[in-house]
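Chemist: Quick one: sequence and predicted model below, then my questions.
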Amino acid sequence: MLLNRRDFLKGAALAGSTLAAPFVARGRFQLFARSQTDYSRRAIDLVSESLVIDMLGLLTLDWAKFEHWEDDPNGFHRADFQKLRSSGISVFHPAVDLNAANPQEAFTANRDWMRDWNKFLDSYPRELLRVLTTDDLANAKKDGRIGVVLGFQNSSHFRTVQDISTFYGMGQRVSQVTYNERNQLGCGCTALNDTGLTDFGVAAVHEMNRLGMAVDVSHCGDKTTLDTLEVSRRPVLITHSNCRALNPRHPRCKTDDAIVRMAAGGGVIGITGVRGFVKPHDPTTIEDALNHFDHVVKIAGIEHVGVGSDTDLDGRDHRPGVTYRMDIDGLAHPQRIFDLTEGLIRRGYSDDNIRLILGGNFRRALEAAWAA
């Protein structure tokens with residue numbers, strides 16, 4: 001069934017949250033009992049009616065909990081599902097880099113990771129949906145399930161071009177060309193000398209294009225990014241990054257040139273809420289993050305920006321051992337997509353354009369990247 005606002009608010013209540021009774025202010029609602037933040041009816045309607053895609057959204061950063069979900073057939077509880085569902089996010093892309101030492105080790109680690117993910121998804125068919133096609137994106141929303149797009153933040157597990165087909169067969173639908181360092185395909189953003197795509201990298205991109213596996217350049221160095229945009233025959237994604245024009249010294253942010261070329265090929269950039277990517281100094285607020293959405297729209301158009309939070313629903317700062325702030329207030333809690341939507345409303349975006357940002361743009365780009 002297609003969820004309407006009543007269904008959505010009921011889901012929020014089942015998650016252990018509650019709707020304030022009945023109004024916080026005229027036309028505004030308190031969705032979550034543990035939060036004093038209230039949201040406009042317009043924002044709630046936009047989130048509940050939209051296919052919301054977080055193109056770098058983790059189900060959890062609590063890896064012990066995640067291993068429990070995978071290993072225990074009953075480990076993923078109803079409350080876990082309802083927390084995800086009441087977030088308003090329909091589809092998550094929980095990609096990681098497994099930090100393997102070499103291609104063979106990466107192949108083995110990533111193969112096992114895919115095996116465990118598939119086992120987990122198969123164990124909860126009523127709650128979770130493995131997204132293999134763009135029809136699955138719509139079905140996740142329609143059925144009230146959580147869609148999961150399987151991918152990796154590195155392509156170091158591709159020892160040969162044939163390995164790409166192997167992982168495609170296991171359900172991988174997105175692959176980042178490199179993580180931060182150099183691999184056999186190209187160079188990451190922290191490589192001292194970015195020499196661009198290698199010959200193998202070119203062949204790998206073409207094979208991903210042929211199979212219908214989306215190519216991601218979020219962590220790539222500038223030359224590797226531009227090379228990939230040049231050789232790819234399908235839209236290239238920047239699933240989670242920010243604009244270097246607003247943060248000039250950060251290598252993880254993308255240049256205007258890269259963003260404009262990405263847009264020319266039909267791609268989309270997902271804006272993160274990572275504090276250091278958004279702004280080089282404090283104070284850093286949700287308004288600073290919104291500036292990145294505005295900048296992409298200004299230089300590339302409304303059709304080429306989306307959400308790639310690069311976190312889970314709780315944020316990164318709550319984790320043990322974190323000694324510096326990575327989160328932005330308003331973008332590091334389970335209802336953050338509502339705060340983002342309210343921000344886009346404040347910035348004067350139309351309902352149709354907000355729907356594009358929340359997921360419509362990534363849906364279109366994925367359809368082109370995955371087409372047979």
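Modeler: Looks like it arrived, so ask away.
Chemist: Can you tell me the SS state at G348?
Modeler: At G348 the chain is in coil, as set by DSSP: H, G, I helix; E, B strand; the rest coil.
Chemist: Next, give phi and psi for it.
Modeler: Phi and psi for G348, reported as degrees, to the nearest 10, are phi 90, psi 10.
Chemist: what about it, neighbour count?
Modeler: 8 (other C-beta atoms under 10 Å). Every C-beta, even on glycine, is put in place using the N, C-alpha and C of the backbone.
Chemist: Please report how far it lies from V177.
Modeler: Look at G348 and V177: by C-beta to C-beta, to the nearest Å, they are 36 Å apart.
Chemist: can you check D351 too?
Modeler: The gap separating D351 from V177 is 35 Å, by C-beta to C-beta.
Chemist: more crowded one of the two?
Modeler: V177 (32 against 14).
Chemist: Pretty sure that one sits against C220.
Modeler: Yes. At 5.4 Å, V177 counts as touching C220 under the criterion of C-beta atoms under 8 Å.
Chemist: what's the single longest strand in the protein?
Modeler: strand 236-241 (DSSP state E).
Chemist: where do the helices sit along the stretch 201-350 of the chain?
Modeler: Secondary structure of the stretch 201-350 of the chain (DSSP state H, counting those that start in this stretch): helices located at 222-231, 256-264, 275-278, 286-300, 336-346.
Chemist: And the stretch 1-150 of the chain, by the same measure?
Modeler: 5-14, 41-49, 63-71, 78-85, 103-123, 134-143.
Chemist: Can you check which of these gets nearest to D194?
Modeler: helix 103-123 (19.9 Å; C-beta to C-beta).
Chemist: about what we covered before: will you turn the helices of the stretch 201-350 of the chain into CSV that also has mean neighbour count, distance to G144 and mean pLDDT?
Modeler: Listed next are these as CSV, based on neighbours: other C-beta atoms under 10 Å; distance: least, C-beta to C-beta, whole Å; pLDDT from 0 to 100:
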stretch, mean neighbour count, distance to G144, mean pLDDT
helix 222-231, 22, 36, 98
helix 256-264, 19, 33, 98
helix 275-278, 22, 32, 98
helix 286-300, 19, 28, 98
helix 336-346, 22, 16, 98
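Chemist: so which of those comes closest to T239?
Modeler: helix 256-264 (11.3 Å).
Chemist: show me what contacts the spatially closest residue to P103 that is not a sequence neighbour?
Modeler: Once flanking residues are discounted, P103 sits nearest to R159: 4.5 Å by C-beta to C-beta, 6 or more residues apart in numbering. Contact analysis of R159 by C-beta atoms under 8 Å, 6 or more residues apart in numbering lists 103-104, 107, 184.
Chemist: With D282 instead?
Modeler: Contacts of D282 (C-beta under 8 Å, 6+ apart): none.
Chemist: how much space between it and I328?
Modeler: Taking C-beta to C-beta, one finds D282 at 10 Å from I328.
Chemist: residue contacts, the nearest residue to R346 once chain neighbours are set aside?
Modeler: In space, and not counting its chain neighbours, R346 is closest to L290: 7.8 Å by C-beta to C-beta, 6+ apart. Counting by C-beta under 8 Å, 6+ apart, L290 touches 343-344, 346-347.
Chemist: low-scoring stretches of the stretch 151-300 of the chain, by residue?
Modeler: Within the stretch 151-300 of the chain, not a single segment meets pLDDT under 70.
Chemist: What's the separation between P320 and R244?
Modeler: From P320 to R244 the distance is 32 Å (C-beta to C-beta).
Chemist: Check L132 too.
Modeler: Relative to R244, and taking C-beta to C-beta, L132 is found at 34 Å.
Chemist: quick one, which of these two is more surrounded?
Modeler: In terms of neighbours (other C-beta under 10 Å), R244 is the more surrounded of L132 and R244; the figures are 21 against 16.
Chemist: hang on, that one packs against D257?
Modeler: No. Here R244 does not reach D257: they are 9.6 Å apart, not a contact under C-beta under 8 Å.
Chemist: Not counting its own residues, what contacts stretch 238-246?
Modeler: Applying C-beta under 8 Å, 6+ apart, the contact partners of stretch 238-246 are 55-56, 93, 95, 174, 176, 216-218, 250, 252-256, 258-259, 262, 267-272, 274, 277-279, 288, 291-292, 295-296, 308-310.
Chemist: if you set the cut-off to 6 Å instead, what comes out?
Modeler: 55-56, 216-218, 253-256, 262, 269-270, 272, 277-278, 291-292, 295, 308, 310 (C-beta atoms under 6 Å, 6 or more residues apart in numbering).
Chemist: Put the alpha carbons of it into CSV.
Modeler: Taking C-alpha atoms only, stretch 238-246 is exported to CSV below (Å, rounded to 0.1, in the frame of the first residue of the first chain):
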residue,chain,number,x,y,z
ILE,A,238,28.7,11.7,-6.3
THR,A,239,26.7,10.0,-3.6
HIS,A,240,28.1,11.9,-0.6
SER,A,241,30.2,15.1,-0.8
ASN,A,242,30.0,18.9,-0.6
CYS,A,243,31.1,21.9,-2.6
ARG,A,244,34.7,23.0,-2.6
ALA,A,245,33.6,26.5,-3.5
LEU,A,246,32.2,26.8,0.0
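Chemist: Please tell me how far it is from the chain's geometric centre.
Modeler: 13 Å (C-alpha atoms, centre = their mean, to the nearest Å).
Chemist: And N361, how far from L51?
Modeler: Separation of N361 from L51 (C-beta to C-beta): 11 Å.
Chemist: And A79, by the same measure?
Modeler: Taking C-beta to C-beta, one finds A79 at 24 Å from L51.
Chemist: number of nearby residues for the closest residue to D339 other than its chain neighbours?
Modeler: The shortest distance from D339 to any non-neighbouring residue, by C-beta to C-beta, 6+ apart, is to G330 (4.5 Å). As a burial measure, G330 scores 19 neighbours (other C-beta under 10 Å).
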